[in-house]
Each structure stands twice: as C-alpha cells, then as structure tokens.
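K.L.:
Here's my sequence, what's the structure:
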Amino acid sequence: MLAAFASALKTPDLRKKILFTLAMVAVYRLGATVPSPGVSYGAIQTCIDEAGTGNDLFTVLNLFSGGALLRLSVFALGIMPYITSSIIIQLLGVVIPRFEQLKKQGQAGQAKLTQYTRYLTIGLGILQSTAFLALAINGQMFPGCSVGDQIIPDQSAFALITLVLTMTAGTAAIMWMGELITDRGIGNGMSILIFTSIAARIPAEGMNILNNQGGVVFAVIIVLALMIIAAVVFVEQGQRRLPVQYAKRMIGRKMYGGTSTYLPLKVNQAGVIPVIFATSLLYLPLLLVQLVAPTTVNADGTQEVSGWAQFLQLYVINQGSWVHILLYFALIIFFTYFYVGITFNPTERADELKKYGGFIPGIRPGRPTAEYLQFVLSRITLPGAIYLGIVAILPNLFLELTGEGNNQNFPFGGTAVLIMVGVGLDTVKQIETQLMQRNYEGFLR
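P.N.:
Purely as a prediction, here's the structure:
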C-alpha cells in the first residue's frame with residue numbers, strides 16, 4: 001500500500017490532484033475555526049465548558065460540521081444544507097415529471113438539476129442560519145449555560161443580517177469547494193468534506209474517553225472500533241452478481257455481442273441515506289417539545305415540561321431509551337426499502353437489458369426479468385437494512401449500557417463510521433483506477 005501511495009505521488013497529474021484536494025480540505029478546516037462577525041467566542045467557550053455539546057438536537061449536525069456549528073463559525077452550517085437539498089431534488093424526481101425528464105436528458109439535464117440544487121442550498125442556508133441564531137439568542141443552544149444569552153452581544157437587525165449572510169456565504173463556499181474537488185481533485189468533493197468533518201472530531205472524543213473512563217475502557221473501545229470498521233468494510237464490499245449474457249448481432253461485416261458479464265447488486269444499495277432520513281425524522285419530536293410543549297413551574301422556579309411532552313422527552317427523544325432505539329431501527333429499515341425502491345427501477349433495468357440484447361440465463365427478457373430483479377432486490381435489501389440498523393444503533397446501545405450522557409462519546413459507530421468507511425473505500429478505488437491506467441500496482445491486490 002505504501003508503494004502504491006508513493007507511485008501516486010510520483011505521477012505528476014495524480015500528485016497535483018491529491019495536493020489540490022488536501023489544499024481544499026485545509027481551507028475548509030480553516031473556515032470551520034474562524035468565528036463569524038459579532039459572535040462572542042469567549043462566551044461560546046464558556047458554554048462549551050459548562051454545558052458540553054449543548055442540546056441533543058445539535059449532536060449529529062455538529063458532527064457533520066466538524067464542531068463548527070456550536071462555535072457559530074463561518075462554516076457553521078457545514079455541508080448539511082447541500083445534502084438536504086440533494087435529497088429533496090432526488091425525491092422530487094420521482095413525483096415531478098419535469099425532473100424525471102431532466103434525468104433522462106444526460107449531462108445537460110443533470111447540469112440543470114445541479115443548478116436547482118444550488119438554489120435550494122442557498123435557501124436552506126438562509127433558513128437554517130436564521131433558526132440557529134434565534135436559538136443562540138434565546139439561550140437554547142446551550143441549555144444550563146450561565147452566559148448562554150450573551151453569545152451574540154449585538155442583537156441589532158444589521159448585526160443579525162450580517163451573521164445570516166456570512167453563514168449562508170460560508171455554505172455557498174463549501175458547496176463550491178466540494179464541486180472543485182470533484183472536478184480537479186480525487187474523490188467526490190462533498191463526501192471528502194464530510195469525511196474531514198467527522199475525522200476532525202475523533203481525536204477530541206477519544207481524548208474525552210481516555211480522560212473520563214481510563215485506559216482500559218479506551219483500549220476496549222479501540223478494539224471494538226476496529227472490529228466494527230472491518231465488518232462495515234466487509235458488508236460494503238458485498239454484492240450479488242447476476243450473470244448477464246448478450247446475444248450475438250451482425251452489424252455490417254462485424255459480429256458484436258456474445259459476451260458474458262454480470263449485474264452487481266450491492267448488499268447496502270442505499271448507502272447511508274436511510275440513517276440520515278431516520279435521524280432527521282427523530283429530531284422532529286424534539287423540535288415539537290421545544291416549540292409548543294406545555295410547561296409547569298416548580299417550587300424552586302425551574303420550568304419542566306408536562307403531559308405528552310414529558311412522555312416524548314423520556315422515551316422518544318431520550319437516545320438511551322429502548323423505545324427510541326427500536327423506533328430508530330424500524331425507521332432505518334423502512335427508509336432503506338423506500339430509498340432502494342425509488343433509486344433502482346427493475347422495469348427500467350430490464351428494458352435496458354432487452355434493448356441491448358442482454359438477458360439473464362434462464363429468465364425471459366422483459367417483464368419476467370423485471371420480476372426476477374425485484375425478487376432478488378427485495379431479498380438482498382433485508383440483510384442490508386438490518387446491517388444499517390445495527391451499526392446505526394451501536395452508539396445508542398453503548399449509551400444505554402454505560403449510562404454516558406451523549407452517544408457521540410462513542411465515535412466509531414453509527415453514521416460516522418458508515419460515512420468514513422464508504423468515502424475511504426470510494427476514494428481508494430478512484431486512486432486505484434488511475435494507477436491501473438498508468439500500469440502501476442494499486443492499493444488493493
């Protein structure tokens with residue numbers, strides 16, 4: 001592997017792509033540490049020391065931003081507005097005929113969809129930055145912090161508009177850098193930036209475990225993390241290969257076809273999207289409790305939610321509750337089937353095979369092929385969904401068994417490890433492909 005990496009650095013154009021990617025990552029991390037204008041960095045640091053990671057609503061969002069969200073930096077919103085807009089555009093492609101037509105127009109249609117995604121990202125950036133600033137002004141970003149309402153000293157209209165525009169511009173800059181990495185660097189730009197954000201949180205989380213739990217627990221977690229990563233790599237590489245035979249055709253004086261290949265169906269066909277969907281949906285009860293929950297005033301003057309809000313807070317919102325864990329697991333399985341159903345159309349795939357003279361041995365072309373693909377896909381999606389659910393709830397199980405206060409103290413489970421392993425494998429495969437084109441030995445032998 002080291003020899004392959006040395007060969008990649010010795011190749012001028014490949015070295016240029018790798019260095020360009022590293023430069024964009026460095027700029028991204030720099031923007032994640034620069035505070036926005038008008039934000040009291042001292043007050044934020046005090047709140048982080050007193051209240052830790054703040055509200056549970058921000059744990060995953062702060063993970064995706066690499067810790068920039070709680071510091072209200074220039075890149076506080078991270079890549080989440082772009083991810084959300086991309087998911088929305090993909091879902092709208094199923095229900096809006098115009099978007100479905102653009103998908104079939106090739107590169108020109110994809111460019112138009114990308115433009116729509118950019119516009120929606122800017123709109124979501126404005127909405128999210130406004131919401132986060134409102135929570136910061138009300139002191140809800142760091143509940144229990146003595147200076148939680150002093151994070152933004154100047155709360156005039158001009159100062160708040162400047163903050164919203166700064167964070168929105170930071171989102172646009174992240175989107176631009178991600179597209180630059182995709183065009184001129186190595187790997188998918190947005191995925192590389194997410195990988196960087198999550199990786200930036202791991203040293204701090206590991207240090208917290210070492211300081212709070214001791215060396216024995218830290219060593220056990222490291223071993224467990226390596227086992228989880230190995231299992232994720234094994235499943236992510238797993239696929240069902242359906243044999244495909246192409247009939248021979250005479251075109252002019254040449255004979256075409258007659259070759260054998262296969263149609264790969266991955267065990268985890270949906271990727272990490274179902275986990276993101278389920279996580280977003282489970283945060284809605286928390287928002288509901290914060291906005292419209294009935295409260296009662298105790299004798300000591302503190303406020304406490306009551307009625308249905310207390311039930312939601314104890315069982316649905318509490319990440320260590322078994323109700324929350326089982327609901328999270330069920331939602332992941334549901335969204336896995338849902339996302340695979342809208343992204344892989346067996347009928348279209350069967351028509352493409354029939355159009356180019358391909359068929360699955362023993363299965364007639366056309367509708368029987370579509371039914372066979374649907375049957376295989378439904379069977380292979382079940383273990384993929386169960387695998388996603390188990391990996392995603394590992395931090396919650398760790399929280400329940402150890403009584404820790406935040407599931408992000410277990411940084412090698414859930415969404416983080418799925419994204420890091422997936423992005424790492426894709427990036428290595430791209431370098432591998434470019435090395436093979438130059439007759440070098442790749443990473444995977």
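
K.L.:
Assign P153 to helix, strand or coil.
P.N.:
Look at P153: counting by DSSP: H, G, I helix; E, B strand; the rest coil, its state is coil.

K.L.:
Could you do C145 as well?
P.N.:
Strictly by three-state DSSP, C145 counts as coil.

K.L.:
State the distance from it to R201.
P.N.:
C145 sits 21 Å away from R201, taking Cβ to Cβ, to the nearest Å as the criterion. Using the backbone N, CA and C atoms, a C-beta is placed for each residue, glycine as well.

K.L.:
quick one, which of the two is more surrounded?
P.N.:
C145 (21 against 18; other Cβ atoms under 10 Å).

K.L.:
pLDDT at the residue nearest to that one when sequence neighbours are not counted, what is it?
P.N.:
Excluding the flanking residues, the one nearest C145 by Cβ to Cβ, 6 or more residues apart in numbering is C47, at 3.8 Å. As predicted, C47 sits at a pLDDT of 76.

K.L.:
Tell me how many other residues surround C47.
P.N.:
Using other Cβ under 10 Å, the number of residues around C47 comes to 25.

K.L.:
ranges for the helices of the stretch 151-300 of the chain?
P.N.:
Ranges of helices within the stretch 151-300 of the chain are 157-184, 189-213, 215-237, 273-282, 284-292, based on DSSP state H, counting those that start in this stretch.

K.L.:
Give me the residue ranges of the stretch 51-200 of the chain where confidence is low.
P.N.:
51-67, 139-140, 143-144, 146-149 (pLDDT under 70).

K.L.:
what's in contact with stretch 99-115?
P.N.:
The contact list for stretch 99-115 (Cβ atoms under 8 Å, 6 or more residues apart in numbering) reads 89, 92-94.

K.L.:
Name the nearest of these relative to Y116.
P.N.:
In terms of Cβ to Cβ, no member of the contacts of stretch 99-115 lies closer to Y116 than I89, at 5.9 Å.

K.L.:
Point out the most buried one among the helices of the stretch 151-300 of the chain.
P.N.:
When you average the neighbours per residue for each of those (mean count of other Cβ atoms under 10 Å), helix 273-282 leads with a mean of 20.

K.L.:
Which other helices and strands does it contact?
P.N.:
helix 80-95, helix 322-343, helix 367-402, helix 415-437 (3 or more Cβ pairs under 8 Å, 6 or more residues apart in numbering; DSSP states H and E).

K.L.:
domains of the protein?
P.N.:
1-213+427-445, 214-413 (automatic domain parsing).

K.L.:
is it possible to export those to CSV including distance to I419?
P.N.:
Below are the domains of the chain laid out as CSV (distance: least, Cβ to Cβ, whole Å):
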stretch, distance to I419
domain 1-213+427-445, 6
domain 214-413, 6
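
K.L.:
Tell me which residues touch L263, please.
P.N.:
Counting by Cβ under 8 Å, 6+ apart, L263 makes contact with 241-242, 244, 349, 353, 360.

K.L.:
7 Å instead, please
P.N.:
Counting by Cβ atoms under 7 Å, 6 or more residues apart in numbering, L263 touches 242, 244.

K.L.:
quick one on the thing from earlier: go through the helices of the stretch 151-300 of the chain and name the closest to W322.
P.N.:
Closest to W322 of the helices of the stretch 151-300 of the chain is helix 273-282 (Cβ to Cβ; 14.1 Å).

K.L.:
quick check: angle from the closest one to helix 367-402?
P.N.:
Angle, helix 273-282 to helix 367-402, by axes from the mean of the first three to the mean of the last three Cα atoms, to 10 degrees: 60 degrees.

K.L.:
can you list contacts of helix 273-282?
P.N.:
60, 87, 328, 331-332, 335-336, 339, 388, 392, 415, 418.

K.L.:
Tell me the one of those nearest K10?
P.N.:
L418 (33.0 Å).

K.L.:
can I assume that closest one is in contact with V391?
P.N.:
Yes: L418 lies in contact with V391 (Cβ atoms under 7 Å); the separation is 6.1 Å.

K.L.:
what sits in contact with each of these two?
P.N.:
With Cβ under 7 Å, 6+ apart, L418 and V391 have common neighbours V232.

K.L.:
Could I get the buried residue list for stretch 325-334?
P.N.:
By 16 or more other Cβ atoms under 10 Å, the buried positions in stretch 325-334 come out as 325, 327-329, 331-333.

K.L.:
and which of the residues you listed is nearest to N188?
P.N.:
For those, the nearest to N188 is I332 (22.8 Å; Cβ to Cβ).

K.L.:
Would you mind confirming that the closest one is in contact with I386?
P.N.:
No: between I332 and I386 there is no contact under Cβ under 7 Å: 9.0 Å.

K.L.:
And the helices in the stretch 1-150 of the chain, which stretches?
P.N.:
Secondary structure of the stretch 1-150 of the chain by DSSP H, counting those that start in this stretch: the helices cover 2-10, 12-33, 41-51, 59-64, 80-95, 97-103, 107-138.

K.L.:
now the angle between helix 157-184 and the last one, please.
P.N.:
Counting by the same axes, to 10 degrees, helix 107-138 lies at 150 degrees to helix 157-184.

K.L.:
Show me what counts as buried in helix 107-138.
P.N.:
Buried residues in helix 107-138 (16+ other Cβ under 10 Å): 113, 117-118, 120-122, 124-126, 128-130, 132-133, 135-137.

K.L.:
so can I have CSV of the buried residues of stretch 325-334 showing pLDDT?
P.N.:
Output for these, formatted as CSV (pLDDT from 0 to 100):
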residue, pLDDT
I325, 81
L327, 87
Y328, 85
F329, 88
L331, 87
I332, 88
I333, 90
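
K.L.:
any chance of those residues in JSON lines, plus distance to G215?
P.N.:
Listed next are those as JSON lines, based on distance: Cβ to Cβ, whole Å:
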{"residue": "I325", "distance to G215": "29"}
{"residue": "L327", "distance to G215": "35"}
{"residue": "Y328", "distance to G215": "31"}
{"residue": "F329", "distance to G215": "32"}
{"residue": "L331", "distance to G215": "37"}
{"residue": "I332", "distance to G215": "34"}
{"residue": "I333", "distance to G215": "37"}
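
K.L.:
From those residues, pick the one nearest T11.
P.N.:
Checking the buried residues of stretch 325-334 against T11 with Cβ to Cβ, the nearest one is I332 at 40.9 Å.

K.L.:
For the closest one, which non-adjacent residue is spatially closest?
P.N.:
G389 (4.3 Å).
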